[in-house]
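Peer 1: Prediction below, plus the sequence it came from.
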Amino acid sequence: MRIGIDAGGTLIKVVIEDNNTRTYQTYLSTQLEEVAAWLNTQPCEKFHITGGKAKILNDLLNCEAQMSIEFDAANKGTQILLKEQGIHLDRYIFTNVGTGTSIHLSEHDGQKRVGGIGTGGGMIRGLGYLLTQISDYETLTNLAQKGNRDIIDLKVKHIYKNDTPPISGELTAANFGHVLHNLDQTFTDADKLASVIGAVGESVTTVSIHVAREHHAEDVVYIGSSFHNNPLLQKVVTDYTILRGFKPHYLDNGAFSGALGTLYL
Ligand code: ADP
Ligand code: MG
């Protein structure tokens, strides 16, 4: 048995490989002591760790674990999952939408970090809480799926009313820019959350496609736990990536790329 752990800012991702079976588990980063206590019941050579909290985790262990740099681990895991899932890409951007968002160019000889943005899963939860007082992740994301962005977000077509816009009218001109035009309407919690997810998805996609263009890549692979229970985020990112002329990809268990990759570095 081998155990790969990616201890991130919000979640601890665990991949257990035993003969030919692979198991995926997630814990909150606040459960780091619990995870360390479990690891301390296992022989040390079995586990490999990575992520921003890998050092704190290592300090809680009875022995020195094998540590790797999280960007390299995510790259390795993404490569493994792409291959297993029959997606053949040589050169691509991968965007890790975690607590924050980190963007990388992946090539034969490894990855290079080419961008990042502070919008990500942390913003969905934090701004989502400020707007709705909901702290439970599943409750927040379930509610957001039913939201209507039309009265909150200003689209290009809203500005170019009765005229032909020079760019797609469906593009967002101003996130939250439609609110003051619709003060006679009721903004529900679901609507507000859907618009937060829209802003996060669109900003993450915008930075991703800009670096894809800069580095002459056509494909963008989106990973990270922020897509968990959030098909709306995936839809925003997919539609916007395609609208801008690039190819989006998602992986089953993509959120575990780092935890898996750390086993193979
Ligand atoms: P990190 O490596 O920074 O911990 P992840 O890739 O694990 O980042 O993504 C963290 C994000 O995933 C959170 O900000 C949140 O949007 C989302 N998420 C998914 N599942 C949960 C959960 N059970 N609890 C809290 N956040 C979750
Ligand atoms: Mg992470």
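Peer 2: Good, I have the coordinates. Numbering: from 1, shown residues only. Ligands and ions are numbered 1, 2, ... in the order given.
Peer 1: The nearest residue to T188 once chain neighbours are set aside in helix, strand or coil?
Peer 2: Excluding the flanking residues, the one nearest T188 by Cβ to Cβ, 6 or more residues apart in numbering is G147, at 7.1 Å. (Glycine included, C-beta is placed from N, CA and C.) What DSSP: H, G, I helix; E, B strand; the rest coil gives for G147 is coil.
Peer 1: Equivalent analysis for the one 5 residues further on, please.
Peer 2: Classification of I152 using three-state DSSP returns coil.
Peer 1: Does it touch A190 like I think?
Peer 2: No - taking Cβ atoms under 8 Å as the definition, I152 is not a contact partner of A190, at 10.9 Å.
Peer 1: Between the two, which has more neighbouring residues?
Peer 2: Ranked by neighbour count (other Cβ atoms under 10 Å), I152 and A190 place I152 first, with 22 against 16.
Peer 1: Please state the backbone phi and psi of that one?
Peer 2: I152 has phi and psi values of phi -110, psi -40 when expressed as degrees, to the nearest 10.
Peer 1: Pull the number of nearby residues for N253.
Peer 2: By other Cβ under 10 Å, the residues close to N253 number 17.
Peer 1: Distance-wise, check it relative to ligand 1.
Peer 2: Per Cβ to the nearest ligand atom, to the nearest Å, N253 is found 12 Å from ligand 1.
Peer 1: quick one, what contacts that residue?
Peer 2: Counting by Cβ atoms under 8 Å, 6 or more residues apart in numbering, N253 touches 24, 81, 260.
Peer 1: What about ligand 1: which of these touch it?
Peer 2: For ligand 1, no contacts are drawn from the contacts of N253 by Cβ under 6 Å from any ligand atom.
Peer 1: Point me to the residue of the chain nearest ligand 1.
Peer 2: In the chain, the residue that lies nearest ligand 1 is G8 (2.0 Å; Cβ to the nearest ligand atom).
Peer 1: Spatially nearest residue to that residue, not counting backbone neighbours?
Peer 2: Nearest non-adjacent residue to G8 (Cβ to Cβ, 6+ apart): G51, at 4.9 Å.
Peer 1: I figured the one you found was touching T10, is that so?
Peer 2: No - here G51 does not reach T10: they are 10.6 Å apart, not a contact under Cβ under 8 Å.
Peer 1: which one of the two has more residues nearby?
Peer 2: The neighbour comparison of G51 against T10 (other Cβ under 10 Å) goes to G51, with 27 against 20.
Peer 1: Model confidence score at that one, please.
Peer 2: pLDDT for G51: 98.
Peer 1: Need the phi and psi values for it.
Peer 2: Dihedral angles (degrees, to the nearest 10) for G51: phi 100, psi 170.
Peer 1: likewise I5?
Peer 2: For I5, the backbone dihedrals (degrees, to the nearest 10) come out as phi -130, psi 130.
Peer 1: before we move on, what about G9?
Peer 2: Torsion angles at G9 (phi, psi; degrees, to the nearest 10) stand at phi -70, psi -30.
Peer 1: now do D219
Peer 2: Reported as degrees, to the nearest 10, the phi and psi values for D219 are phi -110, psi 140.
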